[in-house]
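**Student:** Pasting the sequence and the predicted model now:
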2 protein chains.
Amino acid sequence: MTSPFQHGGKCRIGILGAAGIAKKNARAIILGGCSLAAVASRSLEKSQSWCEEVLPPLLGSESDRVTRYGSYDELLEDASVDAVYVPLPTSLHLEWVLKCIEKGKHVLLEKPCALQLSDLETMASAAQTAGLVLMDGVMFMHHDRLVDVDRTLRGAYSQFGHVTRVTTGFSFSGGKEFFASNIRASKSGDPLGCLGDLGWYCIRIGCFAFGFDRWPHSVRCRCGAQTADGVPLDASAEVFWEREGEEPGSAVTSPSSGSAAQTGGGGVPQPPLCLSFHCSFLHPFRQWVEICGSSGKTLTIPDFVISKSSSPGAAVYSLKTHGTSGPLVDYDCRVVESEETVQAGFCVQEAKMFERFASLIAHKMAFGGGGWGPSPVHSHSHVATVSQGNAGPSLSSGLPSSSPHASATLGASSTGVGGVTPGGLPTSQMQVAMGAPDFWPRVSLLTQAIVDRCAESAKKGGVTVPLGPRASWMDARKGEKEE
Amino acid sequence: MTSPFQHGGKCRIGILGAAGIAKKNARAIILGGCSLAAVASRSLEKSQSWCEEVLPPLLGSESDRVTRYGSYDELLEDASVDAVYVPLPTSLHLEWVLKCIEKGKHVLLEKPCALQLSDLETMASAAQTAGLVLMDGVMFMHHDRLVDVDRTLRGAYSQFGHVTRVTTGFSFSGGKEFFASNIRASKSGDPLGCLGDLGWYCIRIGCFAFGFDRWPHSVRCRCGAQTADGVPLDASAEVFWEREGEEPGSAVTSPSSGSAAQTGGGGVPQPPLCLSFHCSFLHPFRQWVEICGSSGKTLTIPDFVISKSSSPGAAVYSLKTHGTSGPLVDYDCRVVESEETVQAGFCVQEAKMFERFASLIAHKMAFGGGGWGPSPVHSHSHVATVSQGNAGPSLSSGLPSSSPHASATLGASSTGVGGVTPGGLPTSQMQVAMGAPDFWPRVSLLTQAIVDRCAESAKKGGVTVPLGPRASWMDARKGEKEE
């Protein structure tokens, strides 16, 4: 397959806003087999100085080939730029993403995507109409480990049962400088505060665990601390999903009133499906998630956001197993359980993110703007109904050649062709879903919908807030209108 | 020191009710250097059959020396019994504990202690008046590891800062038989359900972490599932403490309304002090706790309730460290942190529990019923004010000789004399506190007060429920009346 990019080359990416996080992602753009084409800041001095700091270690003498712009508009006028990475403050997202789309640029957007769901719906709709890719910057989505975890949770050979509960904590301790100047704790920059910045990841991993095709029914969120002007700095929340097959309006839809337990097979009550998360700028750095299943297993990822596999050594997760009945301890007071630590391989998730982004752009270029891939159905009840060979292009297709740096670092792609990975494992439903360009705005919209309701619940003192009817974009298919 | 027990022998313990948990604790009584004197059930057949199953592997030909009774009253009339272990259903606790006390028996009471706080206040007051020990059956309190963790959190050389947040999950998956017959999910046996059975431990470890001398101001609890007659089967809750030095009525006392963050030193906002717990009969077996500190550290115990150290191998906890400012990841996307796994030694916590119980009884016998030890003050702000030499008798005093079985299994006691352990470490404040008989009813009362308010909050749909003014028994000292 010939590269659809200009001159048969790499996907050329521009960075809109010389933010701190862009330093990490400038490296990831290059490792991911893309070309860093241009950097824009609000002044030429700023973009020059950013480039002089960041580029030489990455590009050496090639650094000068990266164009520096003194305004965002100039970068968007650059016809050699295929796509734009947008790490601007959230309050600027709507304006600049729409401008990117207007200028025909694909967009990789830092989270939180928008100040509110309606803004993101506007962006997603504009991108769809223009046939452009819109993906958010949740890098852990692209770690090979997540595909491995997906297979463990609901692959063909899974013994996990269905996911019953997700507990997660993501926090760091913002120092004096952070609270004095960082946009993430500022009303004008990012009024969703820790909910948008950290809760976004917690909600995303919860949606992953319960299934991206599923719509939660309500949230409860308590704000533990906020700035004087109301930006959340510490928040804990619970998000509730229906059990499969249950209709809205059944007893379980009112979790806060302590509904009577539904009884499943064998007279055993069923637990509510709940994501419980804590996100905070006021606690030590933590980034763990624990996923409970219905067959006595728990799966834990100690570092789900910023994988330590970026250091030498493989990314891991652990799986504990108990029986669903029988003693927890034997007669000698020994705990009866088995624990397995799974090595999920080495992966630079940020590089994988840009690699996939470029691949989706290539797909859009090759198949046209209206092309929709398969829907992101992968909950266990639907496993049998989705053909595994129905994926979009594999992760590496559309990229004529990886950069030497990327291939040396990333090794072989984990995704082969024909729905089977080189290792012989069947492609996971997650991999299928992620190969479809429409998957990405959809998971962003779902995340934003939940963040919004969490913020609303927190403002109302922690009351239960319903999500309302399932959004139409959850089920949009090829050829359907989204609104 | 001569044994204060009858004939200079061991503490003679009777078991009231031939429950399943009593099997484990019959063994612990013997390992703990006590004598299993008698077992009572509601019929002689039941106690006979229980003894025939449980005793021979423990006592061999000595099994016949254990008296079997066909009623609880008969056991209480047995003058050779010093103390009683009560694993009866919670609904029977008030009646039988008062009868035990009336008959002059010290009591080790399974949790939850009571149906409601006022019942436990009645029991504690009666025990105090009679000069008897009342201790609950939370075995993890007696694991050497907890003293080690206490030292890490607030010992003389601690770098943990103050505890800012505790997150814990304790659950197991009750099978068909459990829900059909177990008293722990029954309105008549244990109407507090998972809150009393599992939440008791979660609340206890939270009180331990924040300091047993501190009074929380409010709780929020959501019941995720309950039986048709309202017994909680799944619950999540948050318990809030004041930051030290803050008065009730300040902004932070209304966590649910999203109070403005208090600003500590250096312009950095302060987080709310919160215990977040999940307890459930409807999820896989989990028993972890994570404690966050103000200096960038987190301490995690993977098995805080039923220590795996009961299997060969040492009990562990882990300590992660980050700076409170500076980058979380370095330029190469590597996570900047250190993690240390601490080996806390081998310990049979159930045996230690009975060893300490007997030691406290010996103390009461030696120093009289009105004797009060030092108050259980051990929060970090008070470290300097409590003399470390002021402990009650050391854990092993009053026990003239360990049984051969116990000494072979338990090894040397971790607690020496004079406030310094054999290993040379200073006695922790926790050890000091635990040597005082009045410590034990106090921590039970504190736990019960929080459980009660959690149940109330759950019934009210998860609203924030205040704990009210600090209870007078929190500060009772020698010679003071409790009520």
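**Tutor:** All right, it came through fine. Numbering: from 1, shown residues only, chains lettered A, B, ... in the order given.
**Student:** Show the contacting residues for the residue nearest the centre of chain A.
**Tutor:** The centroid of chain A falls nearest to A:V138 when counting by CA atoms, centre = their mean (3.7 Å). Shown in contact with A:V138 (CB atoms under 8 Å, 6 or more residues apart in numbering or on different chains): A:111, A:200-201, A:204. In short, each C-beta sits where N, CA and C put it, glycine included.
**Student:** ok, now A:L146?
**Tutor:** Per CB under 8 Å, 6+ apart, neighbours of A:L146: A:140, A:208, A:430.
**Student:** With secondary structure, pLDDT and neighbour count added, can I get these in TSV?
**Tutor:** Putting those into TSV (DSSP: H, G, I helix; E, B strand; the rest coil; pLDDT from 0 to 100; neighbours: other CB atoms under 10 Å in any protein chain shown) gives the following:
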residue	secondary structure	pLDDT	neighbour count
A:F140	helix	95	23
A:F208	helix	97	24
A:M430	helix	84	23
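**Student:** mind putting these in JSON lines, distance to A:T300 included?
**Tutor:** Conversion of the contacts of A:L146 to JSON lines gives the following (distance: CB to CB, whole Å):
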{"residue": "A:F140", "distance to A:T300": "15"}
{"residue": "A:F208", "distance to A:T300": "14"}
{"residue": "A:M430", "distance to A:T300": "18"}
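**Student:** Go ahead and confirm A:L31 touches A:A351.
**Tutor:** Yes. Checked against CB atoms under 8 Å, the pair A:L31 and A:A351 is within contact range at 3.6 Å.
**Student:** These two - which one has more neighbours?
**Tutor:** A:A351 (28 against 25; other CB atoms under 10 Å in any protein chain shown).
**Student:** thinking again about what came up before, intersect the contacts of A:L146 with the contacts of chain B.
**Tutor:** Checked against chain B using CB under 8 Å from any CB of the partner chain, the contacts of A:L146 give no members in range.
**Student:** Could you single out the nearest of the residues you listed to chain B?
**Tutor:** Using CB to the nearest CB, A:F140 comes nearest to chain B of the contacts of A:L146, at 12.2 Å.
**Student:** Contacts only, for the closest one.
**Tutor:** A:146, A:201, A:204-205, A:304-307, A:349.
**Student:** can you count the residues close to A:S43?
**Tutor:** Around A:S43 there are 13 residues (other CB under 10 Å).
**Student:** Not counting sequence-adjacent ones, nearest residue to it?
**Tutor:** A:G70 (5.3 Å; CB to CB, 6 or more residues apart in numbering or on different chains).
**Student:** got it, and A:T341?
**Tutor:** In space, A:T341 is closest to A:S318, 4.8 Å off (CB to CB, 6+ apart).
**Student:** My guess is that neighbour contacts A:S338. True?
**Tutor:** No. Look at A:S318 against A:S338 with CB under 8 Å: they stay out of range, at 10.8 Å.
**Student:** More neighbours: those two, which one.
**Tutor:** A:S318 (15 against 9).
**Student:** Please, which helix or strand holds the more buried one?
**Tutor:** Using DSSP states H and E, the element containing A:S318 is strand A:316-321.
**Student:** Please pick the buried ones from the contacts of A:V138.
**Tutor:** With neighbours counted by 16 or more other CB atoms under 10 Å in any protein chain shown, those contain buried members at A:111, A:200-201, A:204.
**Student:** Which of the residues you listed fall within helices?
**Tutor:** A:200-201, A:204 (DSSP state H).
**Student:** quick one, phi/psi of A:Q343?
**Tutor:** phi -90, psi 120 (degrees, to the nearest 10).
**Student:** what's the answer for A:R145, then?
**Tutor:** phi -60, psi -40.
**Student:** show me the contacts for the residue nearest to it when sequence neighbours are not counted.
**Tutor:** The shortest distance from A:R145 to any non-neighbouring residue, by CB to CB, 6+ apart, is to A:A344 (3.8 Å). Contact analysis of A:A344 by CB under 8 Å, 6+ apart lists A:143-145, A:148-149, A:309, A:314-317.
**Student:** what about A:A114, which helix or strand?
**Tutor:** Judged by DSSP H and E, A:A114 forms part of no helix or strand.
**Student:** surely it meets A:D136?
**Tutor:** No. A:A114 is not in contact with A:D136 according to CB under 8 Å; the separation is 10.0 Å.
**Student:** Now, of the contacts of A:A344, which are buried?
**Tutor:** Using 16+ other CB under 10 Å as the threshold, A:143-145, A:148-149, A:309, A:314-317 are the buried ones among the contacts of A:A344.
**Student:** just those now: which is nearest chain B?
**Tutor:** A:S309 (9.8 Å).
**Student:** any idea of the pLDDT on the closest one?
**Tutor:** On pLDDT, A:S309 comes in at 55.
**Student:** and the closest residue to A:K187 other than its chain neighbours, how many neighbours?
**Tutor:** Distances taken as CB to CB, 6+ apart put A:D229 closest to A:K187, at 4.5 Å, once the chain neighbours are dropped. A:D229 has 10 neighbouring residues, counting by other CB under 10 Å.
**Student:** Give me the distance between A:D229 and A:L115.
**Tutor:** 15 Å (CB to CB, to the nearest Å).
**Student:** swap in A:G17?
**Tutor:** Counting by CB to CB, the gap from A:G17 to A:L115 is 17 Å.
**Student:** These two: who's more crowded?
**Tutor:** A:G17 (24 against 20).
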